[in-house]
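*Asks:* Got a predicted structure plus its sequence, pasted below:
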Amino acid sequence: MILDWFFGLDISILGPAIVILIEGAAEFGNQVGLRSHVAQTENADVGTLAGAALGLLALLVAFNFSMAEARFDARRNLVLEEANAIGSTANFALMLPAAAQQPILDLLRDYTAVRIGLGVGHDQSKMEQDIARSLELQTRLWQQAVAVTAADPHSLPAYRFVGSLNEMNNIHEARLTALRNHVPFAVLLMLIGTSMVAMGFTGYNAGVSGTRRHLTMFIMTLTIALLILLIIDLDRPYRGLILVPVQALVDTAQGLPR
């Protein structure tokens, strides 16, 4: 998919590409403006258009940042919920018959290790392997739950263990959905396109005024590009500088009874 390819790009490639696109639009607008013969009243209109385009860009940046931040918070909260669910399942496992405890705890340790590395590295093949391994461990845990329940259908600890295990399984799918849920690619394209238009008008406005503000426009271009990269990085859960913390799962793995 195009979205997977886009989010898989290294920041050292994506960053310069965005800077070149926006700076190229600004320089093109400036060159067109320098070659234009615009009356003073029309020059004011060009300045108004440039201001309006920059205002629209600011609105889109805020909109995209809000969406990316909401997705980041959802992923972070689901890691915490999963850690709590695994911990609760382990605690309820300690209330089961002694013969069933150790196999369940061993499976939970393996499951937690897989969940810590889920999605890390943006490797699609590893992601599929982690999902398959998670489902395999869930199946084996349910087999243990069925065996415990069959041995004593009226056991309250077994009932609580099954409920906690069910919650853990539900969080598995919720976390996968959150990992796959990104800011729509079309919205990001609109943001980059609006950035090019806004800086194009800004360069044109400088050009019709007879000025070559290369340094000023480059600083503005760099600022806009960094904001776009921040939004993209925030929306890539396990790649880049801003990563979803999994310390809660690490703490849970270390705290599981042995």
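*Replies:* On my side now, so go ahead.
*Asks:* contacts and neighbour counts: CA atoms only from here.
*Replies:* Will do.
*Asks:* residues near residue 201, how many?
*Replies:* If you count neighbours by other CA atoms under 10 Å, residue 201 ends up with 27.
*Asks:* how close does it sit to residue 93?
*Replies:* Using CA to CA, to the nearest Å, we find residue 201 at a distance of 65 Å from residue 93.
*Asks:* Just list the residues touching residue 107, thanks.
*Replies:* Contacts for residue 107 (CA atoms under 8 Å, 6 or more residues apart in numbering) come out as 137, 140, 141.
*Asks:* which residues of the stretch 101-250 of the chain fall in helices?
*Replies:* Ranges of helices in the stretch 101-250 of the chain, per DSSP state H, counting those that start in this stretch, are 124-151, 156-180, 185-208, 214-234, 247-255.
*Asks:* okay, those helices, which one's buried deepest?
*Replies:* Ranked by mean neighbour count, those are led by helix 185-208 with a mean of 22 (mean count of other CA atoms under 10 Å).
*Asks:* what's the offset of it from the middle of its chain?
*Replies:* 25 Å (CA atoms, centre = their mean, to the nearest Å).
*Asks:* how about low-confidence regions in the stretch 51-200 of the chain?
*Replies:* 121-122 (pLDDT under 70).
*Asks:* which helix is the longest one in this structure?
*Replies:* helix 40-93 (DSSP state H).
*Asks:* And residue 239, its phi and psi?
*Replies:* phi -150, psi 130 (degrees, to the nearest 10).
*Asks:* ok, and what's touching whichever strand or helix holds residue 21?
*Replies:* Using DSSP states H and E, residue 21 sits within helix 11-34. Applying CA under 8 Å, 6+ apart, the external contacts of helix 11-34 come out as 192, 195-197, 199-212, 214, 217-218, 221-222, 225-226, 229, 240.
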